[in-house]
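Asks: Provided below are the primary sequence and the corresponding predicted coordinates.
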Amino acid sequence: MSIFALSCFIIGVLAGFTGLFVLLKGMKEKLNKSWFLLNLSILVWIEGLGATMVVADAISALFWQKVLYIGTIFIPVLFFHFCTILTEKEEQFRKLFKINLFVALVFLFSLLTNNWFMRGIKPSTDFGYWPTEIGWLYYPFLFWFAVNVIYSFLILKKYLRKKGIDSVKQRQVLIIFYGTAIGFIAGSLNFLLDFNIIFPPVHNFFVGSYLIFTALAITRYHLFGIRVILTELLVGVMGIILLFLPFVIETTLPMRALMIGVFLLFCFFGYLLIRYTYREIRQKEILQQKVKERTKELQTAYEEIKKRKEDLEKFYKLTVGRELRMIELKKKIKELEERVKGN
């Protein structure tokens, strides 16, 4: 197995794992569900891509190429939907989402029933049965894919320029913007191989960048309401992968030593990340407790002031109010006396 195929399988597993974890932590939240579906489509795409590099015959390769493009077709639709929910624009773009979904189903129907989208499998190359022979419908698909992705980023960019938005939410969107941008640029370079522009797909290593950026948005700015648990799980999973990677791929001794060094360095920074996250949460809990205590003190003071005010009003009615009524009564009596004397 090549390191490129292995990278596809690893990124696919991580994408599926993080998507499912986010979903389980908030199954009623639209943002969590849309993120899960987006990660599911990425999982289907990149696992299919990895499989095309390792299968031994064209028939199996054709199957996995179709699996690959099932995921590819739905990525722009689900990313667009995720961006509209993240920026609170879902209702505004609901009709456009339905249109996009219909177009995606048209491409899917062609992929599974005829050769308009994919004509067949090319002979095996150094990267397995990849790329493919494309059909005429592939060109409008690329245009539709690019328009959706670019428009989704414009939605995010417009939201970032909006005045008066919460600073934490702004940082969330900014992190997602750059993370997914790197991932889309890296992943979209794979389309070049379908036009016989063949080069080592080293860019695949950057596809999973959106997972790292999203982890930052979650742990630092609470994107999906998940914090320490996801940090520990991501660090743990990546640590296990980096630990076994030097021993499951065929490579030179210096490269293996370099991988072990990367693993040790990752463990160090992973430990610092978890420690920092715990410390931040602890400080936040202390601050929240102080705010709670202060609020309770202010509430008690307010109740005391309210009680004093009521007592003062009672005192006013019993003393000052009575005196004023007596003065008014004496004034009326005097007026009556003067009126009697006048008669």
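Replies: Everything's here; your move. Numbers count the residues shown, from 1 in each chain.
Asks: C-alpha from now on. contacts and neighbour counts both.
Replies: Fine.
Asks: which stretches of the stretch 101-250 of the chain form helices?
Replies: 138-160, 167-188, 209-221, 228-248 (DSSP state H, counting those that start in this stretch).
Asks: tell me which residues of the host helix or strand of Gln65 come out buried.
Replies: Assigned by DSSP states H and E, Gln65 falls within helix 58-86. Buried residues in helix 58-86, counted by 16 or more other CA atoms under 10 Å: 58, 61-62, 64-86.
Asks: need the longest helix for this protein.
Replies: helix 253-315 (DSSP state H).
Asks: on contacts alone, who are the packing partners of it?
Replies: helix 228-248 (3 or more CA pairs under 8 Å, 6 or more residues apart in numbering; DSSP states H and E).
Asks: could I get the average pLDDT for the helix it packs on?
Replies: Helix 228-248 carries an average pLDDT of 66.
Asks: start the count at 451 instead of 1 going forward.
Replies: Yep, numbering from 451; the last one is helix 678-698 now.
Asks: where does the stretch 551-700 of the chain have low pLDDT?
Replies: Residues of the stretch 551-700 of the chain meeting the criterion pLDDT under 70: 574-581, 646-656, 658-659, 662-663, 665-684, 686-688, 690-692, 694-700.
Asks: 90 - rerun?
Replies: With pLDDT under 90 as the threshold, the stretch 551-700 of the chain has low-confidence stretches at 562, 564-565, 567-585, 588, 606, 609-700.
Asks: tilt between the helix holding Gln515 and helix 617-638?
Replies: Relative orientation of helix 508-536 versus helix 617-638 (axes from the mean of the first three to the mean of the last three CA atoms, to 10 degrees): 160 degrees.
Asks: just the strands in the stretch 451-600 of the chain please.
Replies: 568-571, 582-584 (DSSP state E, counting those that start in this stretch).
Asks: quick one: mean pLDDT for stretch 710-723?
Replies: Mean predicted confidence for stretch 710-723 is 77.
Asks: list the residues that contact the nearest residue to Gly633 once chain neighbours are set aside.
Replies: Spatially, and ignoring its direct neighbours in sequence, Gly633 is nearest to Val657 (4.2 Å; CA to CA, 6 or more residues apart in numbering). Going by CA atoms under 8 Å, 6 or more residues apart in numbering, Val657 touches Ile461, Ile632, Gly633, Phe634, Ala636, Gly637.
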